[in-house]
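Undergrad: Coordinates only, no sequence provided:
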C-alpha cells in the first residue's frame, strides 16, 4: 500500500545523505517535499500540516543542527513523528475483560468487509484461547446471514441462527442469552452496513450499543476509500463513540493516507488490520512497525511472528537433522515451499527485510505465485521414489512428469538444477560451519 509514499520519501532522504551540516534552507526544502509526498498519498491536509510543523521544529533545533550525521537524524525524527501520528497514546489492545460473554460490535459502511472481518476476528480470538460466538445482526442485506454462517462452518465455530422476521435488537438480545447459556466468552456482532448520515439506521446502532454494553465498538473501514474513510470514521465516532478501528485491504494498492490520518483525526486507535482475503489475514496494528515500513526500513518483528505462527518447531528440528545428514529430498523442499506460502505473498515478506525495498530493480520484481504452484505440481507428479532420489529421473521420466503437471520438460529440468544447487550449498555449509550456520537457516529450531 505505501509503495508510492515510501519511494518518494526515500528520494527526499537520499538527497540529504552524504552532506555535512544541514542548513535551515536545505531542511525546509526537504520538508516541503515530504509535505507533497504525504498529500499525494492522500493524507489529510490538516494532519500533514501539523506533522510537518512538528518535524520542522525538531529538525531546526539543536538535535539536528549540532548532530552528525544530520541526515540520519532527520530520518529518525520523521520516523518518531510517524509513530506518534499513528499511535496517539491511545490503548490499542482489544479490551476483553469483564464478565463473559464480552460483546464486540462491528460497524461500518456496506462493502467495507465487516462480515469477513467478523470471521477473521473469530479465528484470531480462537487462536488466543478464547471461545467466540458469531452473531449475524444484519437481516437487511441479502445472504448476509448465510455468509456469516458459511464462514463459521469453515472455521468450525458456532453461529447464531436468527428467527425469521427478527429485527437486529431482537437478534442481539436472543443471541446474548444463548451465548451465555452455552458458555461462550466473546460474542462478535456483525451489524448491517449503512451510510454514516443515515439517521434511522444510526439510531438502531445506538440502541444496539445500549442493549449490549460492548467492550469494543470497532469501525471496519476500507483503506482503499482514502480520505472518505476518515470522514466515515468521524461520522461513526460522533454518533456511537467507537473504541477502535479495523482497517481492511491494507494489502491493496491504495495510497495509504487513511492509515496515516484516521488515528490523528478521531483520536481512536487502529487496533487490527486486514492484510489479505484469507481468514488468517488479520494482524495487530503496530505503529512503530508501520512507520518502519513506510520509510522502507523493513519489519523484521512481523516477519519473525509470521514464521513462528507458520513453522512447527518439531518439524524444524527434524528438517535440520535431515540437512545435517544430507537427506534433504524434494518432498522436504515441497513441504518448506508450502510453509513459506502460508506466510503470505513473497513480495510482502521481502518488503519486511530491512534494505530490500531500496535495492535496485526491486520495484520491478514481481514474484509469480503461479510459478510456485507449478513447482509444487511438478514435485507432486513424481513417484515417491523420484521425490526421495531425484537422480533416477531420466529423460522419459521427466517427460512424464511434465505432462502430468501441465508444465514443460524445461521447467522440470530447471527445478532439478535449482534443487541440486541447493543440496550443494547445504553440503558446503555442513563442511564449513556445521551447527552454527545451519541453525541460522532455521532460527526456530
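TA: In hand now; what should we look at? Given the structure is predicted, the values throughout are model-derived calculations rather than measurements.

Undergrad: Would you confirm that residue 375 contacts residue 338?
TA: No - if you go by C-beta atoms under 8 Å, residue 375 and residue 338 don't touch, sitting 10.6 Å apart. C-betas here are computed from N, CA, C, even on glycine.

Undergrad: Have a look at the two and say which one is more surrounded.
TA: Set residue 375 next to residue 338 and count neighbours by other C-beta atoms under 10 Å: residue 375 wins out with 22 against 12.

Undergrad: Pull the number of nearby residues for the closest residue to that one other than its chain neighbours.
TA: Computed as C-beta to C-beta, 6 or more residues apart in numbering, the closest residue to residue 375 that is not its neighbour in sequence is residue 415, at 5.8 Å. Neighbour count for residue 415, taken as other C-beta under 10 Å: 20.

Undergrad: what does the one 4 residues further on give?
TA: Neighbourhood size, residue 419 [other C-beta under 10 Å]: 17.

Undergrad: Same question for the one 5 residues further on.
TA: As a burial measure, the neighbour count of residue 424 was computed by other C-beta under 10 Å and equals 10.

Undergrad: tell me which element it falls in.
TA: Here residue 424, judged by DSSP states H and E, is contained in helix 409-432.

Undergrad: name the helices or strands packed onto that helix?
TA: helix 313-324, helix 330-342, helix 369-380, helix 395-405, helix 435-441 (3 or more C-beta pairs under 8 Å, 6 or more residues apart in numbering; DSSP states H and E).

Undergrad: Let me see the confidence value for the residue of the chain most remote from its centre.
TA: Distance from the C-alpha centroid of the chain, by C-alpha atoms, centre = their mean, peaks at residue 396 (44.7 Å). pLDDT, residue 396: 92.

Undergrad: With residue 341 instead?
TA: 66.

Undergrad: what packs against whatever helix or strand residue 149 lives in?
TA: Applying DSSP H and E as the criterion places residue 149 in helix 144-155. In terms of contacts (3+ C-beta pairs under 8 Å, 6+ apart), helix 144-155 is packed against helix 114-126, strand 132-137.

Undergrad: where does the stretch 51-200 of the chain dip in pLDDT?
TA: Residue ranges of the stretch 51-200 of the chain with pLDDT under 70: 62-70, 88-92, 195-197.

Undergrad: Spell out the residue ranges of the strands in it.
TA: Remark: strands assigned in the stretch 51-200 of the chain by DSSP state E, counting those that start in this stretch are 102-107, 132-137, 186-191.

Undergrad: any chance of these in TSV, with distance to residue 166 and mean neighbour count too?
TA: Formatted as TSV, the strands of the stretch 51-200 of the chain follow (distance: least, C-beta to C-beta, whole Å; neighbours: other C-beta atoms under 10 Å):
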stretch	distance to residue 166	mean neighbour count
strand 102-107	17	25
strand 132-137	10	27
strand 186-191	14	26
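
Undergrad: mind checking which of these is nearest residue 161?
TA: strand 132-137 (8.5 Å; C-beta to C-beta).

Undergrad: what's the angle from that closest one to strand 186-191?
TA: Using axes from the mean of the first three to the mean of the last three C-alpha atoms, to 10 degrees, the inter-axis angle of strand 132-137 relative to strand 186-191 is 20 degrees.

Undergrad: Need the contact partners of strand 132-137.
TA: 101, 115, 118-119, 121-122, 125-126, 144-145, 147-149, 151-152, 157-160, 162, 168, 171-172, 175, 178-179, 182, 184-192, 208 (C-beta atoms under 8 Å, 6 or more residues apart in numbering).

Undergrad: give me that answer again for 6 Å
TA: Contact partners of strand 132-137, identified using C-beta atoms under 6 Å, 6 or more residues apart in numbering, comprise 122, 125, 145, 148, 152, 158-160, 168, 171-172, 175, 179, 184, 186-191.

Undergrad: neighbours around residue 374, how many?
TA: 17.

Undergrad: Hmm, it is touching residue 406, no?
TA: No - at 7.8 Å, residue 374 does not count as touching residue 406 under the criterion of C-beta atoms under 6 Å.

Undergrad: In this structure, which residue is most central in space?
TA: residue 275 (3.6 Å).

Undergrad: Let me know the pLDDT of that residue.
TA: With respect to pLDDT, residue 275 has a value of 80.

Undergrad: before we move on, what about residue 260?
TA: Note for residue 260: predicted pLDDT of 71.

Undergrad: what's the span of stretch 98-111 from first residue to last?
TA: By C-alpha to C-alpha, to the nearest Å, the extent of stretch 98-111 from end to end equals 31 Å.

Undergrad: whoops, stretch 204-224 was the one
TA: In stretch 204-224, first residue to last residue: 27 Å (C-alpha to C-alpha).

Undergrad: go on, stretch 76-95?
TA: 32 Å.

Undergrad: Relative to the whole chain's centre, how far out is it?
TA: Per C-alpha atoms, centre = their mean, to the nearest Å, the displacement of stretch 76-95 from the mean C-alpha position of its chain is 17 Å.
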